[in-house]
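Student: need a structure here:
(one chain, ligands or ions: 1)
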Amino acid sequence: MPRVSIPDTDKIFDVNTGEILYDSLYDRGHELPHGCLSGSCGACRVEVLSGSENLMPPGVIEQNTIESLRMELKVENIRLSCRAKVTGDVTIRPIK
Ligand code: FES
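Tutor: Numbering: from 1, shown residues only. Here you go, the predicted model:
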């Protein structure tokens with residue numbers, strides 16, 4: 001069972017393989033920052049501190065939004081919690 005860690009909050013969640021990151025935490029009582037929940041606004045962005053290989057590769061919509069955010073924020077390991085599917089352990093930090 002994959003484990004999602006959020007060091008800034010000292011919270012760790014066991015989630016199901018293939019769950020969308022945002023949904024998996026919301027269902028367990030932790031709401032990440034969000035907006036559209038469809039991959040285009042970027043409000044749900046998180047920095048992946050470890051385990052980026054344990055998120056399924058981004059689709060076209062997520063990839064386009066990520067590329068815009070990378071240029072704007074100068075952060076490399078960005079994913080969108082409303083789109084990224086978890087396949088193994090990851091450590092994340094929401095980006096304000
Ligand atoms: S909430 Fe808008 S891109 Fe995820």
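
Student: quick one: contacts for the closest residue to Leu55 other than its chain neighbours?
Tutor: Distances taken as Cβ to Cβ, 6 or more residues apart in numbering put Ala84 closest to Leu55, at 4.6 Å, once the chain neighbours are dropped. Just so you know, the C-beta spots here come from the backbone N, C-alpha and C atoms, and that holds for glycine as well. Each residue near Ala84 by Cβ atoms under 8 Å, 6 or more residues apart in numbering is listed here: 20-21, 55-56, 58, 62.

Student: could you measure the most centrally placed residue in the chain against the ligand, distance?
Tutor: Centroid-nearest residue in the chain, with Cα atoms, centre = their mean: Ser81, separated by 3.1 Å. The gap separating Ser81 from the ligand is 6 Å, by Cβ to the nearest ligand atom, to the nearest Å.

Student: isn't that residue right up against Tyr26?
Tutor: No - the criterion here is Cβ atoms under 8 Å, and Ser81 misses it with Tyr26 at 9.3 Å.

Student: overlap in contacts of those two?
Tutor: By Cβ under 8 Å, 6+ apart, Ser81 and Tyr26 have these common neighbours: Leu32.
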